[in-house]
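Visitor: need a structure here:
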Amino acid sequence: MTSEPHRSVWRVVWLVALPLLSAASVAWWRMGELAEPFGSDKNYSLPFAEDNATRIGVAGAVLGCVVIAQLVRTRLELGQLRFVVAAVSIGVMFGVGLRAMTAITGGANIGGGAFLMFGIPILTVATIVLAVWVARRRPFTL
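Guide: Numbering: from 1, shown residues only. Down below sits the predicted model:
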């Protein structure tokens, strides 16, 4: 029999971490490259990710399917679904914001800088709060 802290970790992984990672990678992939017609400035670059955008997006979609299958297999309750929806929402915002950060612009990338200064800290705090909330909830099997 597993201990309660061990189960809490797995709840956070299946209900927060994996849905968030899946949603972020699919949202980043589906946004596509953001570039202005005559843009030549790029503040941030993700060379590996940009070269393998389709692979990352498909891997995120497969991960999402695995998470859905696991949650259906364990009979996800309606109360647990709210955690998954919150994690997916945070993941989508992170993926879209990351695309804004890596956009090719013809000058200052104000949206990317704003996401770096405000978006990332807010989404990080939201993720930590969500993870602690899931971990401290009453036990349910997963």
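
Visitor: ok, then the element right after the strand or helix carrying S89?
Guide: Per DSSP states H and E: S89 is located in helix 78-101. Elements were assigned by DSSP H and E; along the chain past helix 78-101, the next helix or strand is strand 104-105.

Visitor: which helices and strands does that following strand pack with?
Guide: Packing partners of strand 104-105 (3 or more C-beta pairs under 8 Å, 6 or more residues apart in numbering; DSSP states H and E): strand 41-42. C-betas here are computed from N, CA, C, even on glycine.

Visitor: Direction included, what does the strand it packs on pair against?
Guide: strand 104-105 (antiparallel) (DSSP bridges).

Visitor: Run through who's touching the partner strand.
Guide: With C-beta atoms under 8 Å, 6 or more residues apart in numbering as the contact definition, strand 104-105 has outside contacts at E33, L34, A35, E36, G39, S40, D41, K42, N43.

Visitor: pLDDT (mean, whole number) over the helix holding S89?
Guide: Average pLDDT, helix 78-101: 91.

Visitor: Show me what counts as buried in that helix.
Guide: Neighbour-count burial for helix 78-101 flags 80, 83-84, 86-101 (criterion: 16 or more other C-beta atoms under 10 Å).

Visitor: Other residues contacting that helix?
Guide: 15-17, 19-29, 31-32, 34, 43-44, 46, 67, 71, 76, 109, 111-112, 115-116, 119-120, 123, 126-127, 130, 133-134, 140.

Visitor: hmm, which of these are the buried ones?
Guide: So, by 16+ other C-beta under 10 Å, the buried ones in the contacts of helix 78-101 are 15-17, 19-29, 31, 34, 67, 71, 76, 109, 111-112, 115-116, 119, 123, 126-127, 130, 134.

Visitor: Inside strands: which ones of these?
Guide: Applying DSSP state E to the buried ones among the contacts of helix 78-101, no entry is found in strands.

Visitor: For the residue lying closest to A126 once chain neighbours are set aside, give its distance to P47.
Guide: In space, and not counting its chain neighbours, A126 is closest to I90: 5.6 Å by C-beta to C-beta, 6 or more residues apart in numbering. Distance of I90 to P47, computed by C-beta to C-beta, to the nearest Å: 25 Å.
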